[in-house]
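# When you get a sec, could you give me coordinates for this:
(one chain, ligands or ions: 1)
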Amino acid sequence: MTAPPHWQGHGRFVLLATGFGHGEHFLSTWNAWRHDPQRCETLCFIAIEPQSLACAGLQQALARSPLADIAAALLAAWPPVTRNLHRLDFDGARVQLMLAVGDVSAWLPELVAAVDAFHLGADSLLQTAWDTRLCKALGRLAAPGARLVAHTDAPALRAGLATAGFEVQAEPGITTARYAPKFQTRRAVARLAANPGGERRALIVGGGLAGCAAASALAEHGWHSSVLERRAGIAEESSGNPAGLFHGIVNVQDGAHARFNRAAALAACAAVRTAIGAHAALGSAEGLLRLETAMDPAAMQATLSALALPADYVQALTAAEAGTRCGMPLKHPAWFYPGGGWVQPAALARAFFEQAAGRVALRTNVAVQSLRFGDGRWHALDAHGSVIDAAPVLLLANAGDALRLLGAPAWLIEKVRGQISIAPSAAFGPAGSPGRCTLPIAGAGYLLPELLGHVMFGATAQAGDDDAAVRHADHVANLMQLERLTGTPLPVDASLLEGRTAWRWSSRDRLPVIGAVPAMPHRDFGQSSGPTQTRRADQARFVPRVPGLFVFTALGSRGITWSALGGRIVAAAITGAPAPLEASLLNAIDPARFITRQVRRSTDR
Ligand SMILES: Cc1cc2nc3c(=O)[nH]c(=O)nc-3n(C[C@H](O)[C@H](O)[C@H](O)COP(=O)(O)OP(=O)(O)OC[C@H]3O[C@@H](n4cnc5c(N)ncnc54)[C@H](O)[C@@H]3O)c2cc1C
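The predicted structure follows:
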């Protein structure tokens with residue numbers, strides 16, 4: 001594509017290219033955007049590349065690029081290329097590259113976006129059967145008036161595009177088309193932006209990791225938000241531990257849980273590196289070990305090969321290799337996640353908050369008691385029924401209290417108490433002794449590297465336990481867990497330990513709850529929320545929603561890992577930006593999944 005796309009006058013312009021190659025098209029589009037005074041506010045370039053892209057090959061190719069500075073920026077941001085949707089940000093997130101590696105025919109139905117321009121690359125035209133089904137997938141993704149270019153005169157593609165609602169212009173060797181369907185297809189309710197064309201402002205209840213990550217992600221889309229927090233500052237409840245860890249997961253089935261955690265861990269790595277580099281957060285994204293007790297290193301390696309997971313995402317290590325990595329002896333082999341690590345959760349939350357500077361306001365010591373909708377705005381009310389603030393969009397990022405504000409919907413989420421333990425490092429003996437590691441170690445329990453002369457480990461997990469006290473018995477339990485992790489008796493006196501107690505809110509399927517709140521027949525917020533029934537309630541995306549009301553909760557014991565990606569997911573749902581996660585995983589974390597599962601169970605009976 002030589003001429004710049006028709007992005008003039010657009011707030012956000014979304015371009016979808018089938019084929020990434022060595023980034024030539026992306027770099028030239030980014031360069032054109034940089035030099036066009038009439039450019040759009042935000043450029044989102046989605047690329048589907050069938051070939052796996054190794055950083056080394058890209059490096060060689062980009063070394064020859066005439067656009068050296070932006071080619072270097074692309075290389076510096078290059079992620080481990082796993083089969084996920086990767087989002088890379090440039091120029092202060094005003095240019096976003098979303099990269100999907102795999103078959104075009106598998107990826108198109110997984111994308112959630114309103115695309116303004118399609119470019120079907122030469123390789124994808126040769127390798128992909130552009131049948132009616134795939135052309136319909138293009139139609140489903142097309143924004144009104146979207147344009148398409150393909151350097152082919154294949155009749156099947158032209159016929160498919162016409163069926164999918166495109167007006168096709170056929171010239172020798174080239175097909176151009178414009179999306180102008182005779183009948184407007186209805187988009188799934190869960191995929192509709194909130195308040196399109198209206199005021200871009202949201203209220204966020206809760207200033208923990210979830211609320212701060214959402215504020216940061218909304219700011220990237222030019223939205224303003226007000227965070228309402230009942231404590232005196234941000235991250236004083238679950239997000240207030242001195243440190244915690246983040247990492248991905250390997251699972252032979254590679255189901256929704258493993259895929260979501262992988263996508264989240266990659267986003268967390270980038271977020272933690274920014275928090276450390278630009279916001280003085282204490283932490284490290286230089287690797288983490290997860291002990292493996294069921295497989296030997298050969299079986300672990302076979303799993304990695306079967307899943308085609310790259311070494312810059314995860315490696316299988318013997319116990320000896322893992323011990324060398326973490327500076328203390330280990331009894332078990334381990335998965336090494338080069339982009340895993342640890343961070344102070346409050347510092348990460350603060351970094352998110354600072355990234356939203358200018359577009360976020362914080363109000364502390366305000367507890368939201370109830371919600372009301374009126375005059376096109378959501379009102380957050382205090383215990384006296386007075387309005388604290390109002391906005392067209394409201395996001396509940398206040399952990400378990402979100403459920404109370406929603407009138408206790410039947411979502412399968414439980415409260416689990418957790419206590420961490422902290423010991424002076426010297427209590428474990430000299431450096432190199434079991435208990436004094438240089439990389440975080442996870443397994444049944446976890447151990448963090450020394451921080452300010454202390455070692456942190458934990459944590460207990462007690463469902464339905466409301467005791468806020470730090471308990472001696474829990475320190476003993478944490479020590480025993482640590483002995484199992486290190487495989488060695490430890491010389492630490494439990495009465496010397498300090499600790500902290502907090503609660504995790506976990507869904508039963510161990511995934512977060514993120515998205516537009518489903519309409520609930522029993523709950524009226526003072527608005528007409530439209531129909532609460534649908535004939536398609538067996539699929540989350542068709543379940544009716546409460547307009548303008550969103551939730552981001554149930555971060556369980558993985559809030560550090562999940563917050564960066566979760567914030568972007570909910571911000572995309574609010575603003576109508578391309579979702580940074582595939583549709584099947586959006587369904588897996590959708591709050592409506594609790595309804596669809598019930599519906600499926602009752603129809604199965
Ligand atoms: C012991 C323990 C160890 C953990 N270790 C790890 C780890 O190693 N790695 C990891 O990834 N995760 C870990 N976690 C989990 C992680 O800490 C949580 O998932 C995360 O902090 C949840 O963030 P949140 O923003 O959802 O909740 P919170 O941090 O609790 O934030 C919610 C905020 O909402 C505010 N709020 C609530 N109701 C209202 C209201 N009505 N009005 C105004 N404000 C309100 C609260 O004051 C709070 O600040 C651990 C958790 C525990 C308990």
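# if I pick the residue of the stretch 101-250 of the chain found nearest the ligand, what's in contact with it?
As assessed by C-beta to the nearest ligand atom, the ligand sits closest to Gly208 within the stretch 101-250 of the chain, at 2.1 Å. Where you see a C-beta, it was placed from the backbone N, CA and C, and this is true even at glycine. By C-beta atoms under 8 Å, 6 or more residues apart in numbering, the contact list for Gly208 reads 234-235, 237-239, 349, 397-399, 559.
# hmm, try it at 7 Å
The contact partners of Gly208, by C-beta atoms under 7 Å, 6 or more residues apart in numbering, come to 235, 237-239, 349, 397, 399.
# which pair in those residues spans the largest distance?
Ala349 and Ala399 (12.8 Å; C-beta to C-beta).
# okay, the two: which has more neighbours?
When neighbours are counted by other C-beta atoms under 10 Å, Ala349 and Ala399 differ, and Ala349 comes out ahead with 30 against 27.
# That one - that's part of a helix, no?
Yes. Counting by DSSP: H, G, I helix; E, B strand; the rest coil, Ala349 falls inside a helix.
# Could you verify my assumption that it touches Ser239?
Yes. Between Ala349 and Ser239 there is a contact under C-beta atoms under 7 Å: 5.4 Å.
# picking up where we left off before, among the contacts of Gly208, which ones are in helices?
Using DSSP state H, the subset of the contacts of Gly208 located in helices is Ala349.
# The strand ranked longest in the chain packs against which elements?
Assignment by DSSP state E gives strand 413-424 as the longest strand of the chain. Strand 413-424 is packed against strand 454-458, strand 462-463, helix 472-486, strand 498-507, with contacts defined by 3 or more C-beta pairs under 7 Å, 6 or more residues apart in numbering; DSSP states H and E.
# List the buried residues of stretch 484-494.
Residues 485-486, 488, 490, 492, 494 are the ones in stretch 484-494 that count as buried (16 or more other C-beta atoms under 10 Å).
# whoops, stretch 363-382 was the one
Neighbour-count burial for stretch 363-382 [16+ other C-beta under 10 Å]: 366, 368-369, 371-373, 377-381.
# Go through those residues and say which is closest to the ligand.
Using C-beta to the nearest ligand atom, these come closest to the ligand at Val368, 3.8 Å.
# What's the separation between the closest one and Leu396?
9 Å (C-beta to C-beta, to the nearest Å).
# Quick check: neighbours shared by these two?
With C-beta under 7 Å, 6+ apart as the test, Val368 and Leu396 both reach 205, 405.
# Quickly list what the closest residue to the ligand within the stretch 351-500 of the chain is bridged to.
Proximity to the ligand, evaluated over the stretch 351-500 of the chain using C-beta to the nearest ligand atom, is greatest for Gly418 at 2.8 Å. Bridge pairing for Gly418 (DSSP bridges) gives the partners Ala502.
# Next, count neighbours for it.
Gly418, neighbours per other C-beta under 10 Å, totals 19.
# quick one, what contacts it?
458-461, 502, 504.
# what does the model give it for pLDDT?
In the predicted model, Gly418 carries a pLDDT score of 98.
# ditto for Ser557
Reported pLDDT for Ser557: 96.
# quick one: the closest residue to the ligand within the stretch 501-605 of the chain from Leu405, how far?
Residue of the stretch 501-605 of the chain nearest the ligand, by C-beta to the nearest ligand atom: Gly559 (2.3 Å). From Gly559 across to Leu405, the span is 19 Å (C-beta to C-beta).
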